[in-house]
Structures are given as structure tokens and as C-alpha cells.
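Enquirer: Here is my input, please return the structure:
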Amino acid sequence: MAQTVSVIVGSEDRARLAEIIGDRNRPLKHTQRANIILLSAKRLPVLEVARRVGVSRPAVWRWQRRYAEQGVDGLMRDKTRKPGRAPLATATVAKVLALTCAEPPGAVTHWTGRAMAKKVGISLSAVQRIWQANRLQPHRLRTFKRSTDPAFASKVEDIVGLY
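Expert: Numbering: from 1, shown residues only. The predicted model follows:
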């Protein structure tokens with residue numbers, strides 16, 4: 001990628017950039033961006049500007065382009081980004097909580113994270129986050145768990161009959 005922006009800095013912008021560089025309370029990223037523009041205005045090669053400022057060549061191109069489009073104010077702002085993950089709908093969270101407190105399907109003793117995720121249609125980690133946020137531990141029941149053994153009733157009678 002070749003340099004496509006020729007940086008021309010006016011006297012007013014040059015003074016503002018020098019002020020940014022001289023201010024010791026400014027964030028490092030602001031001083032680096034100001035340095036990029038001032039060094040580019042001296043017609044130094046992009047590789048030399050990147051070496052002196054301590055950034056990559058694409059970073060130099062990015063800030064040259066941003067300065068050409070928005071001026072000094074564009075150097076002081078970062079672009080906003082969308083959040084990484086959309087939050088779950090409250091209806092989905094409510095469904096997970098209601099199912100957790102209800103009886104599990106089939107002959108199982110309690111809800112597992114994978115079974116809940118499959119039933120509701122969300123990821124396992126989402127189920128785990130919901131359970132953790134609401135301090136639910138369906139695998140730790142303090143009540144009697146049903147057995148899946150078909151001969152359980154006769155075994156209980158044998159054990160109880162001993163005592």
C-alpha cells in the first residue's frame with residue numbers, strides 16, 4: 001500500500017499540534033498522532049515516520065488519512081465500535097430461569113448446562129452466565145434426586161427392610 005495522502009499543515013494546525021506534543025498530561029496516543037502529522041509534513045518517508053514515532057506503517061497511513069479528512073480534531077478521537085456481543089433478551093433469560101426451577105425432561109435428575117442450552121437455543125456459556133448471575137446451581141440440589149434405575153424401588157425396599 002503506497003502513501004496516497006500528501007499532508008499539508010497550516011500554521012494554525014502546526015501550532016495546535018506542537019501544543020499537543022508539548023503537553024505532558026496528554027495521552028501518548030495523541031502525541032504520537034501529532035508527531036506523525038508533523039513528521040509527514042516535513043515530507044519524510046512513511047517508513048521513517050513510523051520508525052521515529054514507534055508505530056507501524058499502516059498506522060501512519062491511517063492517521064494521515066484521518067488528518068486529511070477531519071483535521072486536528074479527528075486525531076483526538078478514536079472511532080467508535082459496535083459492542084462485541086449483543087445482550088440476551090430478557091425473555092430468554094426468564095425462560096432459562098423458569099426452566100431451571102422446573103422439572104428436567106425425561107429421566108434425568110437435574111438440568112445440565114448443555115441440555116438447557118439445547119432446549120432454549122443459546123450457547124452453553126450463556127446459560128452458565130445466567131446461572132452464575134442468579135446464583136443458581138442446579139447440579140447441587142439439597143433434595144432427594146430421582147434415580148434412573150428401573151429396579152430402584154425394589155432396591156429401596158431391600159435396604160429399608162434390613163433396618
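Enquirer: Which residue, other than its chain neighbours, is closest to Arg33?
Expert: Among residues not flanking Arg33 along the chain, Leu75 sits closest, at 4.3 Å (Cβ to Cβ, 6 or more residues apart in numbering). No exception for glycine: its C-beta is placed from N, CA and C like everyone else's.
Enquirer: if I pick that neighbour, what's in contact with it?
Expert: 30, 33-34, 37, 63, 66-67 (Cβ atoms under 8 Å, 6 or more residues apart in numbering).
Enquirer: of those residues, buried ones?
Expert: Of the members of these, the ones counted as buried by neighbours, 16 or more other Cβ atoms under 10 Å, are 30, 33-34, 37, 63, 66-67.
Enquirer: any idea where the helices of the protein begin and end?
Expert: With DSSP state H as the criterion, the chain has helices at 11-22, 28-41, 46-53, 57-70, 72-75, 90-101, 113-120, 124-133, 152-162.
Enquirer: Highest mean neighbour count out of these?
Expert: Each of these was scored by mean neighbour count; the highest is helix 28-41, a mean of 20, by mean count of other Cβ atoms under 10 Å.
Enquirer: Run through the neighbouring helices and strands of it.
Expert: Helix 28-41 sits against helix 11-22, helix 46-53, helix 57-70, helix 72-75, with contacts defined as 3 or more Cβ pairs under 8 Å, 6 or more residues apart in numbering; DSSP states H and E.
Enquirer: among the ones you listed, which is nearest Ala151?
Expert: Shortest distance between Ala151 and the helices and strands packed on helix 28-41, using Cβ to Cβ, is found for helix 57-70: 69.6 Å.
Enquirer: before we move on, the earlier item: looking at the helices of the chain, which is closest to Ala107?
Expert: helix 152-162 (10.8 Å).
Enquirer: Name the residues that touch the closest one?
Expert: With Cβ under 8 Å, 6+ apart as the test, helix 152-162 has contacts from Asp149.
Enquirer: any idea how far it is from the chain center?
Expert: Distance, stretch centre to chain centre, for helix 152-162: 54 Å (Cα atoms, centre = their mean, to the nearest Å).
Enquirer: Alright, that wraps it up for me.
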